[in-house]
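[1] I need the structure of the sequence given here:
(2 chains)
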Amino acid sequence: GAGVSQSPRYKVAKRGQDVALRCDPISGHVSLFWYQQALGQGPEFLTYFQNEAQLDKSGLPSDRFFAERPEGSVSTLKIQRTQQEDSAVYLCASSLLAGSYNEQFFGPGTRLTVL
Amino acid sequence: AQSVTQLGSHVSVSEGALVLLRCNYSSSVPPYLFWYVQYPNQGLQLLLKYTSAATLVKGINGFEAEFKKSETSFHLTKPSAHMSDAAEYFCAVSKAGTASKLTFGTGTRLQVTL
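    Here you go, the predicted model:
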């Protein structure tokens, strides 16, 4: 069966450009998470959706980061006016239910490089 | 606040030897604990999880971990390493209850040599 997919897999942006990263979760999964993974580090939480509601955005590093999931399925993470420190792998994960004991299924990530 | 500490950013073992990857956690509430594996250019895959049932948890690919509250540890072990086990391993913690973010450690890269 299809897992979590993300596109693009690689993105190179010039500093100051806006980027949009897409996540297609597993069909029917209620919960969707975005994480940022810097080189040599573990993933760090950015934001969480339950269906279309963004219930936690405490990890977004600045107001340049914006995420949405308007119909409760596909999600987009947008970064405005990209900076070099935004270079990282952005991971999306989904889980079937809302409980934190549920396994999060991760996508392959989008590697963003800001020049 | 919750956190995990993974001791050893790199671990090297011989094929067939015991694998031991260390993870200590800090949590003010009963935690859920997870081990994930990441192969190059792939997403993270769940190996096993502790959710307050049995303290010895068995996972995929022959891995297991034991939750020790007195030591605040959740170390990952495998009796006999295989070349295919070479990867990055992450320990993670979340709060029990409603959906909660995972807080990851910095990872341990496992190298398996002949």
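
[2] drop to CA atoms for contacts and neighbour counts, all remaining ones
    Noted.

[3] show me where chain B has its strands.
    B:3-5, B:10-14, B:19-21, B:24-26, B:31-38, B:44-50, B:56-58, B:64-68, B:73-78, B:87-95, B:103-104, B:108-113 (DSSP state E).

[4] quick check: the closest residue to B:Gln111 other than its chain neighbours vs A:Gln80, distance?
    Excluding the flanking residues, the one nearest B:Gln111 by C-alpha to C-alpha, 6 or more residues apart in numbering or on different chains is B:Ser12, at 4.6 Å. Distance of B:Ser12 to A:Gln80, computed by C-alpha to C-alpha, to the nearest Å: 41 Å.

[5] quick one, which of the two is more surrounded?
    Taking neighbours as other C-alpha atoms under 10 Å in any protein chain shown, B:Ser12 and A:Gln80 compare with A:Gln80 leading, 16 against 13.

[6] so how far is chain B from the closest residue in space to the more buried one that isn't next to it in sequence?
    Closest residue in space to A:Gln80, ignoring its immediate chain neighbours: A:Asp18 at 4.3 Å, by C-alpha to C-alpha, 6+ apart. Using C-alpha to the nearest C-alpha, to the nearest Å, A:Asp18 is found at 24 Å from chain B.

[7] what's opposite residue 110 in the beta bridge?
    Here I'm looking at chain A. A:Tyr90 (DSSP bridges).

[8] chain B, not that one
    B:Val11, B:Ala87.

[9] which residues touch it?
    B:His10, B:Val11, B:Ser12, B:Val13, B:Asp85, B:Ala86, B:Ala87, B:Glu88, B:Tyr89 (C-alpha atoms under 8 Å, 6 or more residues apart in numbering or on different chains).

[10] buried subset of these?
    B:Val11, B:Val13, B:Asp85, B:Ala86, B:Ala87, B:Glu88, B:Tyr89 (16 or more other C-alpha atoms under 10 Å in any protein chain shown).

[11] looking at those, which is nearest B:Leu33?
    Lowest distance from B:Leu33 to the buried ones among the contacts of B:Leu110 (C-alpha to C-alpha) belongs to B:Tyr89, with 13.4 Å.

[12] I'd say that closest one and B:Gly43 touch.
    No: taking C-alpha atoms under 8 Å as the definition, B:Tyr89 is not a contact partner of B:Gly43, at 11.8 Å.

[13] all strands for chain A, in order.
    A:5-7, A:10-13, A:19-24, A:31-37, A:44-50, A:53-56, A:65-68, A:75-79, A:88-95, A:105-106, A:110-114.

[14] what would those look like in JSON lines with mean neighbour count and mean pLDDT?
    Supplementary listing: the strands of chain A in JSON lines, determined by neighbours: other C-alpha atoms under 10 Å in any protein chain shown; pLDDT from 0 to 100:
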{"stretch": "strand A:5-7", "mean neighbour count": "21", "mean pLDDT": "97"}
{"stretch": "strand A:10-13", "mean neighbour count": "15", "mean pLDDT": "98"}
{"stretch": "strand A:19-24", "mean neighbour count": "20", "mean pLDDT": "98"}
{"stretch": "strand A:31-37", "mean neighbour count": "26", "mean pLDDT": "96"}
{"stretch": "strand A:44-50", "mean neighbour count": "23", "mean pLDDT": "95"}
{"stretch": "strand A:53-56", "mean neighbour count": "15", "mean pLDDT": "94"}
{"stretch": "strand A:65-68", "mean neighbour count": "19", "mean pLDDT": "98"}
{"stretch": "strand A:75-79", "mean neighbour count": "20", "mean pLDDT": "98"}
{"stretch": "strand A:88-95", "mean neighbour count": "26", "mean pLDDT": "96"}
{"stretch": "strand A:105-106", "mean neighbour count": "24", "mean pLDDT": "94"}
{"stretch": "strand A:110-114", "mean neighbour count": "21", "mean pLDDT": "97"}
